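Enquirer: here is a sequence together with a model predicted from it:
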Amino acid sequence: MTATAQKVEERHAEIPWWVFDAIEDRTKDRRFYVTKGLGSGGTYGGCIWHVHKCLETPGVKFSWAVAPTYLQVVDTLIPTFCEVMQHIFGWAEGDDYAVVRSGRPVIYLLRTGQEIQFRSAQHADRLVGPTISHLLGTEPGLWPEIAFEKSAARVRHRDAACQVFLEGTPEGLGDRWEQLANFSPGIDEERNAWRIVLHSADNPFVSASYNRNLGITYAHDPAKLEAYTKGTFTSFTKGTAYWNYVDRHPLVTLGIRPDKALPLIWCWDFNRSPLAWIVMQRGFQTRAGMRMPCFRVLFESSGNSKGLLEAVGEFMARLPAAEWGQHRIEIYGDASGFFGSHKSPLCDYSQIESYMRQKSRYTNVSVLAQRANPEVRPRLERVNALFAYEMVQIEASCSRLRSGLCRTALKEGTWDIEKPTRDMWTHYPDAFGYGVYALTQDLDFEIPAELKVYGLSTR
């Protein structure tokens with residue numbers, strides 16, 4: 001179904017029926033909660049609602065649009081706003097609106113002198129500033145809880161029927177998004193809230209193949225499949241440890257090859273069965289005009305080695321000394337690798353380094369592993385942040401790492417990783433996690449130290 005929205009100059013454009021209904025509802029302090037399937041058009045509809053609210057309140061200068069991260073502001077929200085202003089409202093950038101994407105992003109509405117200011121939910125300290133008339137929030141299931149309070153507190157302009165519009169996929173039970181939006185579709189007068197449910201298959205602009213691929217992607221977990229296609233709150237597989245990999249960014253690429261210009265990063269987990277390692281490199285990518293890290297996982301061990309030296313031999317077979325002997329190799333991993341062994345006077349890391357240097361002609365090997373393992377929670381949060389910010393690519397042949405990222409769970413109600421008897425899958429994500437935690441522990445994911453905009457200053 002569609003309805004017709006009207007612009008000041010009598011321009012007409014078709015919009016989804018639910019957006020039209022939300023626009024028509026001018027109830028003061030109304031909350032709109034759109035629980036959606038992936039690809040259902042929730043963000044596009046939310047941007048239509050937001051711009052229309054600006055035009056309805058020309059005397060109110062500021063409004064906000066909030067995304068889970070700064071990169072999602074730049075990569076998703078701002079382009080969607082621009083598309084809406086061009087296709088729905090018939091505006092042209094430079095004539096009707098201007099966009100600032102760097103620093104603190106903002107869209108200036110040149111006709112009315114208003115500002116749509118963009119915020120990241122991850123930086124609660126920046127959810128301050130002007131009193132606003134309305135707020136659009138995307139993917140609130142991925143927000144920290146404090147972001148709900150901080151953002152809603154600004155929606156209080158005395159000259160407007162202040163409203164909040166949140167749209168996103170359900171992300172399981174028990175989080176703040178579920179507590180707010182999990183009620184029967186329609187208006188709940190007691191909450192002063194209206195819940196709208198969108199299905200992935202209902203968007204006529206999304207191909208049938210997209211919806212088929214959603215079914216394939218989440219076939220392993222029927223609860224997630226229902227949530228991500230029908231916009232309903234379901235109980236996810238208990239305590240998924242790598243939630244942003246499973247749910248949002250399985251960045252798997254075929255044919256990733258090592259780069260001779262970058263060090264090899266060799267990460268270990270010393271569980272005796274299996275001995276697990278992965279090899280990756282840290283490169284850089286440019287997104288939103290900024291230079292940022294990208295970890296590319298190249299290889300993994302077979303999981304079949306009978307001991308430490310056999311596991312090292314697998315590395316040598318993949319990256320022979322004749323080609324890689326002088327290349328810088330950095331070793332990270334489980335702190336237990338520093339403990340002594342009854343089988344050798346050397347710890348595991350010393351054995352690896354000795355074997356590589358003395359017997360196999362790898363001359364540029366350094367053990368950089370941390371002497372104490374980080375606590376599980378900060379390690380998992382850091383790994384999941386890498387996936388959320390799309391800073392990881394995994395070679396498709398690394399099936400053990402990929403399986404581990406999907407299958408590893410937390411013990412219910414805790415931050416302890418569940419390690420079943422004969423567990424063969426948690427160790428590869430552990431090895432990866434030890435390495436990336438050590439390499440990124442001082443990195444601010446919102447405005448990373450490595451992020452630099454390069455330009456020329458002239459006078």
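Expert: Happy to help now that I have it.

Enquirer: what's the closest non-adjacent residue to the residue nearest the centre of the chain?
Expert: Centroid-nearest residue in the chain: residue 388, 1.6 Å away (criterion: Cα atoms, centre = their mean). Once flanking residues are discounted, residue 388 sits nearest to residue 244: 4.5 Å by Cβ to Cβ, 6 or more residues apart in numbering. Backbone N, C-alpha and C define where each C-beta goes, glycine included.

Enquirer: so the residue nearest to the centre of the chain is in contact with residue 243, correct?
Expert: No. Counting by Cβ atoms under 8 Å, residue 388 sits too far from residue 243 to count as a contact (9.2 Å).

Enquirer: rewinding a little: what's the neighbour count on the residue nearest to residue 388?
Expert: For residue 244, the count of nearby residues is 22 (other Cβ atoms under 10 Å).

Enquirer: toward the C-terminus, what is the element adjacent to the helix or strand hosting it?
Expert: In this structure, residue 244 sits in helix 243-247 according to DSSP states H and E. Next helix or strand after helix 243-247 toward the C-terminus (DSSP H and E): strand 252-253.

Enquirer: contact partners of that following strand?
Expert: By Cβ atoms under 8 Å, 6 or more residues apart in numbering, the residues outside strand 252-253 that reach it are 393-396, 402.

Enquirer: over to the residue nearest to the centre of the chain: give its phi and psi.
Expert: phi -60, psi -40 (degrees, to the nearest 10).

Enquirer: and it, how far is that from residue 97?
Expert: 29 Å (Cβ to Cβ, to the nearest Å).

Enquirer: likewise residue 81?
Expert: 9 Å.

Enquirer: quickly list what's touching both of those two.
Expert: Counting by Cβ under 8 Å, 6+ apart, the contacts common to residue 81 and residue 97 are residue 107.

Enquirer: quick one: the helices in the stretch 51-200 of the chain, in order.
Expert: 70-72, 78-87, 145-152, 176-181 (DSSP state H, counting those that start in this stretch).

Enquirer: got any ranges where the stretch 51-200 of the chain has weak pLDDT?
Expert: Along the stretch 51-200 of the chain, segments meeting pLDDT under 70 are nowhere present.

Enquirer: quick check: the gap between the residue nearest to residue 388 and residue 303.
Expert: Residue 244 is 25 Å from residue 303, by Cβ to Cβ.

Enquirer: ditto for residue 280
Expert: Distance from residue 280 to residue 303, by Cβ to Cβ: 17 Å.

Enquirer: so for those two, which sits in the more crowded spot?
Expert: A count of neighbours by other Cβ under 10 Å puts residue 280 above the other of residue 280 and residue 303, at 30 against 17.

Enquirer: the more buried one: helix or strand, and which one exactly?
Expert: Residue 280 belongs to strand 276-287, assigned by DSSP H and E.

Enquirer: before we move on, the earlier item: tell me who's in contact with the residue nearest to residue 388.
Expert: 384-385, 387-388 are the contacts of residue 244 under Cβ under 8 Å, 6+ apart.

Enquirer: identify those among those that sit within helices.
Expert: 384-385, 387-388 (DSSP state H).

Enquirer: show me the two of the residues you listed that sit farthest apart.
Expert: Spanning the widest gap among the ones in helices among the contacts of residue 244 are 385 and 387, at 7.3 Å by Cβ to Cβ.

Enquirer: quick one on the thing from earlier: buried ones in the strand holding residue 280?
Expert: Residues 276-282 are the ones in strand 276-287 that count as buried (16 or more other Cβ atoms under 10 Å).

Enquirer: check the offset of that strand from the chain's centre.
Expert: 17 Å (Cα atoms, centre = their mean, to the nearest Å).

Enquirer: check the offset of the next helix or strand after it from the chain's centre.
Expert: Downstream of strand 276-287, the first helix or strand assigned by DSSP H and E is strand 290-300. In terms of Cα atoms, centre = their mean, the gap separating the centre of strand 290-300 from the centre of its chain is 15 Å.

Enquirer: which residues sit against strand 290-300?
Expert: 256-258, 276-286, 315, 318-319, 386, 389, 391-395, 397-398, 400-401, 428, 432, 436, 439-440, 443, 448, 450-454.

Enquirer: give me the buried subset of these.
Expert: 256, 258, 276-282, 315, 319, 386, 389, 391-395, 397-398, 400-401, 428, 432, 436, 439-440, 443, 448, 451.

Enquirer: skipping adjacent residues, who's closest to residue 116 in space?
Expert: residue 107 (4.3 Å).

Enquirer: should've said residue 165
Expert: residue 32 (4.5 Å).
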